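Student: Sequence first, predicted coordinates after that:
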Amino acid sequence: MYKGSNKSALLSQKLISEALLRLLETMPFNDISVSDLCREAQVSRQTFYSLFGTKENVVVYELSHNCCFLPDKNSPTCHSAAFRSFCEGYSRYIVDNSHIIELLVRNDMIHFLYDVQYKSLLECEHFIGDVSDDDRVFIVDFIASGMNSIAKNYVLQGSKADVAFLTRLMFSLFGGLYFKNYGKKKDV
């Protein structure tokens, strides 16, 4: 997948990503051909293949660039002591991005959200940075998996829950299990 800074290439990536979202409104992902995508984005197949290579990479691009929750390094959500803030931020993210999450669920592609979210949280040196690297890998995986499941079920249940409900749910599931006691007990 292209990661350079050429303005024309970046614009083409954006056009292709937007085209995929439009097509997903009316067609299942598996029925969308590269030709359909190129026609909708008004780019050549050569451009598509040089920028993305696969349709799946377009989904990863969209999630990475426009739909990935990542705490600000100055935010208290980056520290386990303020995990409730992270839960609130992620709850707001789910509500605000319910449409794209719905498209992912409808096309059995919710795992892409997990993949992107896990990688982003793991690469954010400020997120849960107060634990050992060995522990952090497991914690981030657990959080990304759980948050992904909550996002999926949020849309499957009709996107009815509000931010406050999701925050309480997440914190009770995650916060009470590990972060509340981290460093205070030998057996977690």
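Tutor: Received, thanks. Numbers count the residues shown, from 1 in each chain.
Student: how many other residues sit next to Leu15?
Tutor: Residues contacting Leu15 under the criterion other C-beta atoms under 10 Å number 17. C-beta coordinates here come from the backbone N, C-alpha and C atoms, glycine included.
Student: go on, Arg136?
Tutor: As a burial measure, Arg136 scores 18 neighbours (other C-beta under 10 Å).
Student: Which of the three states applies to it?
Tutor: At Arg136, secondary structure determined by DSSP: H, G, I helix; E, B strand; the rest coil is helix.
Student: Grab the nearest non-local neighbour of it.
Tutor: Nearest non-adjacent residue to Arg136, counting by C-beta to C-beta, 6 or more residues apart in numbering: Ile128, 5.7 Å away.
Student: Go ahead and confirm the one you found touches Asp141.
Tutor: No - Ile128 lies out of contact with Asp141 (C-beta atoms under 8 Å); the separation is 11.2 Å.
Student: okay, these two: which has more neighbours?
Tutor: Ile128 (23 against 14).
Student: State the distance from that one to Phe142.
Tutor: Using C-beta to C-beta, to the nearest Å, one obtains 10 Å as the distance from Ile128 to Phe142.
Student: just the CA coordinates of the one helix or strand Ile94 maps to, formatted as PDB?
Tutor: Using DSSP states H and E, the element containing Ile94 is helix 83-96. C-alpha atoms of helix 83-96 as PDB (Å, rounded to 0.1, in the frame of the first residue of the first chain):
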ATOM      1  CA  PHE A  83      -9.000   4.200  31.800                       C
ATOM      2  CA  ARG A  84     -12.500   5.400  32.300                       C
ATOM      3  CA  SER A  85     -11.600   8.400  30.000                       C
ATOM      4  CA  PHE A  86     -10.400   5.900  27.300                       C
ATOM      5  CA  CYS A  87     -13.700   4.000  27.600                       C
ATOM      6  CA  GLU A  88     -15.600   7.300  27.200                       C
ATOM      7  CA  GLY A  89     -13.500   8.300  24.200                       C
ATOM      8  CA  TYR A  90     -14.000   4.900  22.500                       C
ATOM      9  CA  SER A  91     -17.700   4.900  23.200                       C
ATOM     10  CA  ARG A  92     -18.000   8.300  21.500                       C
ATOM     11  CA  TYR A  93     -15.900   6.900  18.600                       C
ATOM     12  CA  ILE A  94     -18.300   4.000  18.200                       C
ATOM     13  CA  VAL A  95     -21.400   6.200  18.200                       C
ATOM     14  CA  ASP A  96     -19.800   8.700  15.800                       C
END
